[in-house]
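Colleague: return a 3D structure for these sequence lines:
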Amino acid sequence: MNKDDLLAVGLDVRRDVLGADYVDSGLAESDDFMMAFQDTVTSLAWGYSWSRPGLDRRTRLILTLGILAGLGRHQELGIYAQGAVRNGVSVDEIKEILIHVMSYCGTPAGRQSFTAVHRALADIGALPD
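Modeller: This is a model prediction of the structure:
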């Protein structure tokens, strides 16, 4: 797939998993700086990783919950837990996932970094309107 295909597929998968309102709100609130993150996460994580064959969406959600919990990415964990329930993961399974935590340091670290830098640059007036 080319970059445009990855972005289109990724946007569809991302909306299906996290909910269209959540995704569209994040996109609408993004300025040019944050759109670099939005495009990258949508193409790489959602268009490439989440769209690959070999693991179903439910399995990917189970893995992601464990990874996010292991890294303490609690802000991200909530929205993925909601997506997991929407995709057939039970509350009891989520409890077991949280007990059996794994580590992960990809997209969530990127998102938090982008957010922190964006805030800092905005605080000093370094971002264009």
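
Colleague: what is the least confident helix or strand in the chain?
Modeller: helix 107-123 (a mean of 45; mean pLDDT, DSSP states H and E).

Colleague: pLDDT (mean, whole number) over stretch 68-88?
Modeller: If you average the pLDDT over stretch 68-88, you get 78.

Colleague: ah, wrong one, I meant stretch 50-57
Modeller: 95.

Colleague: and the contacts of it?
Modeller: 9, 10, 13, 14, 16, 17, 60, 63, 87 (CB atoms under 8 Å, 6 or more residues apart in numbering). Quick note: C-beta positions are derived from backbone N, CA and C, even for glycine.

Colleague: tell me the pLDDT at the residue nearest to the second one when sequence neighbours are not counted?
Modeller: Think residue 10. Distances taken as CB to CB, 6 or more residues apart in numbering put residue 47 closest to residue 10, at 2.9 Å, once the chain neighbours are dropped. Listed pLDDT for residue 47 reads 96.

Colleague: looks like residue 47 contacts residue 39 (just checking).
Modeller: No - using CB atoms under 8 Å, residue 47 is not in contact with residue 39; the gap is 10.0 Å.

Colleague: give the residues shared as contacts by those two.
Modeller: What both residue 47 and residue 39 touch, as defined by CB under 8 Å, 6+ apart, is the set residue 7.

Colleague: who's more crowded, these two?
Modeller: residue 47 (24 against 17; other CB atoms under 10 Å).

Colleague: who's in contact with that one?
Modeller: Taking CB under 8 Å, 6+ apart, one finds 1, 5, 6, 7, 8, 9, 10, 11, 13 in contact with residue 47.

Colleague: and the strand or helix carrying the last one, average pLDDT?
Modeller: In this assignment (DSSP states H and E), residue 13 forms part of helix 3-18. In this model, helix 3-18 has a mean pLDDT of 93.

Colleague: please apply the same query to stretch 25-37.
Modeller: Mean predicted confidence for stretch 25-37 is 94.

Colleague: so which bits of that stretch are buried?
Modeller: 26, 30, 34, 37 (16 or more other CB atoms under 10 Å).
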